[in-house]
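>>> Need a 3D model of the following:
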Amino acid sequence: MLIEFRVENFLSIQDEQVLSMMASKDNTFFDSHTNGDKKLALLKSSVIYGANAAGKSNIIKALQAMKTIVISSAKKQRGDELPITPFLLGDEYDKPTKFEIIFIQDNKKYQYGFILNSENILEEWLLAFGESNRAQKWFERIYNEKEKKYNYSFGAKFLGSKQLWAESTRDNALFLSTAIQLNNEQLKPVFDFFDLKLQVAKSQNWDSGINITISEYEKDKELVNNFLKIADLDIEDIKIEKKELDKTSLMQENIPQEIKQIIQADLEKGARLTKTDIQTMHTNQQGKQILFDMFTLESQGTQKFFNLVGIWINSLKNGNILIIDELNTHLHPLMTKFLVNLFHNEDLNKSNAQLIFTTHDTSILNQDIFRRDQIWFCEKQNKATKLYPLSDFKVRKDKTNLENDYLLGRFGALPYFKEILSSWSDNGN
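Next comes the predicted model:
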């Protein structure tokens, strides 16, 4: 589970911003909305609100950037740039970027971070916490600018070919990533957290394809169909078939001509290509079952919901941290609420999966859905992104609907429409 994420000097983020999944002492929805651990209570979901260009998507991009660097930095060549864009509107142009994350993987708590610029890793560290919750340093790496080399220090609990891993780590690669590539087993839970558990995506990326395979659907068919029925999509069943493409069937496909030509060329070379057809089953007014093609007859909202179902089930079953930018795109507010509440369902979310998402959908800005420590706001202050939780404000528990207070600007994080309209009016428009 994710405990805390910190980022500094990345895109619109200048000073260090912290996204915490630690629950406050508030007992509201404690059993359903947290992992239920009194010693370390962690939230099962968090939502981030903010105006366009306030930087809420950049919090998601920062998590994605950290994951990408961990997964891929050891595969880079010497001299390859790292995927970092610092804050460009300040006066510290040579300031490095910092990422740090605290999490639990395989029942052990870790604190891992690194500082870098687009060319080099400048610092990297990993702490592991024992049964007494005392921090144990496993490794630390700091670049010595004067001597033009890295100084490494290792803790007694960190075992293996430390010198070999250190000597094999390039300036633009992480020690963690390099050691994993050289078969370090002790660091595998840390790497697996980024590779397998931390699932970061933009919701728009799911609009063009269905992320559920035939085998996955057959395995969870009853659960998927129940989701569709509960969501009231008027879908009774799903039919998924894998068909082999030939020249005749290719001509009937509703895809761009240039793509057809590429596929046809592959077929002429003897390639065997398959296509997955997805159809939804409806009942007409006379009680007869009718099949709809998912991509041509179903709405974008239905396509996206079915697309999300596979990801949702996978996350809930495996205890993933699912991070989504603009969850509300193409979804009815009630559908967004339904999907969020699945993470709060104690029977479905037994693995303590977590959901973090951004949205403009204020209909779910409600204390009947979220605890106050689950709601976050993003706004620009002096051109830089600031992230802060609703729990920083005094809000009565009996005031369930917070939508009006937010839209009136009580919590900030809104565009200045009043000033824009006033200026427009003063100019005689």
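>>> rest of the way, CA atoms for contacts and neighbours
Fine.
>>> Which residue lies nearest the spatial centre of the protein?
Taking CA atoms, centre = their mean as the criterion, residue 323 is the residue nearest the geometric centre of the chain, at 2.0 Å.
>>> Check whether it really touches residue 353, as I assumed.
No: contact between residue 323 and residue 353 fails when scored by CA atoms under 8 Å: they sit 10.9 Å apart.
>>> just to revisit the earlier point, partner strands of whichever strand or helix holds the residue nearest to the centre of the chain, parallel or antiparallel?
Assessed by DSSP states H and E, residue 323 sits inside strand 321-325. Note on strand 321-325: by DSSP bridges, its sheet partners are strand 198-202 (parallel), strand 354-358 (parallel).
>>> SS state for residue 313?
helix (DSSP: H, G, I helix; E, B strand; the rest coil).
>>> For it, grab the count of nearby residues.
Neighbourhood size, residue 313 [other CA atoms under 10 Å]: 19.
>>> Provide the contact partners of stretch 120-130 at residue level.
82, 108-116, 135-143, 171-175 (CA atoms under 8 Å, 6 or more residues apart in numbering).
>>> Give me the buried entries from the residues you listed.
Buried positions within the contacts of stretch 120-130, assessed by neighbour count (16 or more other CA atoms under 10 Å), are 82, 109-116, 136-143, 171-175.
>>> Narrow these to those in strands?
Among these, the ones falling in strands (DSSP state E) are 109-116, 136-143.
>>> what about residue 271, how many neighbours?
Around residue 271 there are 13 residues (other CA under 10 Å).
>>> pretty sure residue 70 is touching residue 178, no?
No: between residue 70 and residue 178 there is no contact under CA under 8 Å: 9.4 Å.
>>> Pull out the C-alpha coordinates of the helix or strand in which residue 302 is found and format them as PDB.
For residue 302, the host element (DSSP H and E) is helix 300-318. In PDB, the C-alpha atoms belonging to helix 300-318 read as follows (Å, rounded to 0.1, in the frame of the first residue of the first chain):
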ATOM      1  CA  GLN A 300     -18.400   5.900 -25.100                       C
ATOM      2  CA  GLY A 301     -19.400   5.700 -21.500                       C
ATOM      3  CA  THR A 302     -20.300   2.000 -21.800                       C
ATOM      4  CA  GLN A 303     -17.100   1.300 -23.700                       C
ATOM      5  CA  LYS A 304     -15.100   3.000 -21.000                       C
ATOM      6  CA  PHE A 305     -16.900   1.400 -18.200                       C
ATOM      7  CA  PHE A 306     -16.400  -2.100 -19.600                       C
ATOM      8  CA  ASN A 307     -12.800  -1.200 -20.200                       C
ATOM      9  CA  LEU A 308     -12.400  -0.100 -16.600                       C
ATOM     10  CA  VAL A 309     -14.000  -3.200 -15.200                       C
ATOM     11  CA  GLY A 310     -11.000  -5.400 -16.100                       C
ATOM     12  CA  ILE A 311      -8.600  -3.000 -14.500                       C
ATOM     13  CA  TRP A 312     -10.800  -2.600 -11.400                       C
ATOM     14  CA  ILE A 313     -11.200  -6.300 -10.800                       C
ATOM     15  CA  ASN A 314      -7.400  -6.800 -11.300                       C
ATOM     16  CA  SER A 315      -6.600  -4.000  -8.800                       C
ATOM     17  CA  LEU A 316      -9.100  -5.200  -6.200                       C
ATOM     18  CA  LYS A 317      -8.000  -8.800  -6.400                       C
ATOM     19  CA  ASN A 318      -4.200  -8.100  -6.300                       C
END
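>>> what about that helix, distance to the chain center?
14 Å (CA atoms, centre = their mean, to the nearest Å).
>>> One more: stretch 127-141?
26 Å.
>>> do stretch 238-255 as well
33 Å.
>>> Show me what counts as buried in that stretch.
238, 240, 245, 246, 250.
>>> before we move on, back to that, which other helices and strands contact the helix holding residue 302?
helix 221-230 (3 or more CA pairs under 8 Å, 6 or more residues apart in numbering; DSSP states H and E).
>>> quick one: contacts for residue 336?
Residue 336 neighbours (CA under 8 Å, 6+ apart): 327, 328.
>>> Could you say which helix or strand holds it?
Using DSSP H and E, residue 336 sits in helix 333-343.
>>> Keeping just the C-alphas, turn that helix into PDB.
Written as PDB, here are the backbone C-alpha positions of helix 333-343 (Å, rounded to 0.1, in the frame of the first residue of the first chain):
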ATOM      1  CA  PRO A 333     -21.500  10.900 -12.100                       C
ATOM      2  CA  LEU A 334     -23.400   7.900 -10.700                       C
ATOM      3  CA  MET A 335     -21.000   5.600 -12.600                       C
ATOM      4  CA  THR A 336     -18.000   7.400 -11.200                       C
ATOM      5  CA  LYS A 337     -19.500   7.100  -7.700                       C
ATOM      6  CA  PHE A 338     -20.200   3.400  -8.300                       C
ATOM      7  CA  LEU A 339     -16.600   2.700  -9.300                       C
ATOM      8  CA  VAL A 340     -15.200   4.600  -6.400                       C
ATOM      9  CA  ASN A 341     -17.400   2.800  -3.900                       C
ATOM     10  CA  LEU A 342     -16.100  -0.600  -5.100                       C
ATOM     11  CA  PHE A 343     -12.800   0.300  -3.400                       C
END
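>>> Just the buried positions in that helix, please.
Per 16+ other CA under 10 Å, helix 333-343 contains these buried residues: 335, 336, 337, 339, 340, 341, 342, 343.
>>> what does stretch 32-46 give?
32, 33, 34, 35, 36, 41, 42, 43, 44, 45, 46.
>>> Name the weakest-confidence residue in the residues you listed, if you would.
Least confident of the buried residues of stretch 32-46 in the model: residue 36, at 91.
>>> How is this protein divided into domains?
Domain segmentation of the chain under automatic domain parsing yields 2-203+307-407, 211-293.
>>> which stretch in those domains is the model least sure about?
domain 211-293 (a mean of 75).
>>> From the chain's centroid, how far away is that one?
Taking CA atoms, centre = their mean, the mean C-alpha location of domain 211-293 is offset from the chain mean by 27 Å.
>>> try stretch 100-114
17 Å.
>>> measure it end to end?
End-to-end distance of stretch 100-114 (CA to CA, to the nearest Å): 7 Å.
>>> And the contacts of it?
Here stretch 100-114 has contacts from 1-7, 98-99, 121-130, 189-190, 193, using CA under 8 Å, 6+ apart.
>>> Repeat that for stretch 28-35.
With CA under 8 Å, 6+ apart as the contact definition, stretch 28-35 has outside contacts at 23, 36, 41-45, 343-346, 352, 370-371.
>>> Show me what the one helix or strand residue 165 maps to is packed against.
In this assignment (DSSP H and E), residue 165 forms part of helix 162-168. Here helix 162-168 touches helix 175-181, going by 3+ CA pairs under 8 Å, 6+ apart.
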